[in-house]
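K.L.:
predicted model and sequence below, questions to follow.
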Amino acid sequence: MNRDHLAAQELRSRRINQGLSPEQLGGVVGVSGHTIRRIEREGVIPTPRIQFALAHHFQIQPTDLWSPRHRTVSP
């Protein structure tokens, strides 16, 4: 499974800076708080739809968070 822990840290930082809980951010982008926590905690790379929704919310490009050069593959 692909992981990106740098993106996870950046996502968490942006969420906290906006004063949002995982549930609040999830509600804005159409996923559960559990999904947001999993992305942040485990570095799981979300689907393109979720990447674009999160990027749109933060007014950035998806590649600003999920860059192929930061990914690791876990068995």
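P.N.:
Cool, the structure landed. Numbers count the residues shown, from 1 in each chain.
K.L.:
starting from the host helix or strand of Gly26, tell me the next helix or strand along the chain.
P.N.:
Per DSSP states H and E: Gly26 is located in helix 22-29. Sequence-wise, the next helix or strand beyond helix 22-29 is helix 33-42, with elements assigned using DSSP H and E.
K.L.:
report the buried residues of that following helix.
P.N.:
For helix 33-42, a neighbour-count test (16 or more other C-beta atoms under 10 Å) marks 35-40 as buried. Where you see a C-beta, it was placed from the backbone N, CA and C, and this is true even at glycine.
K.L.:
so in this structure, where's the weakest helix or strand by average pLDDT?
P.N.:
One helix or strand of the chain scores below all others by mean pLDDT, DSSP states H and E: strand 72-73, with a mean of 54.
K.L.:
for Gln61, which residues are in contact?
P.N.:
By C-beta atoms under 8 Å, 6 or more residues apart in numbering, the residues touching Gln61 are Ala55.
K.L.:
roughly how far apart are it and Arg41?
P.N.:
Computed as C-beta to C-beta, to the nearest Å, the Gln61 to Arg41 distance reads 24 Å.
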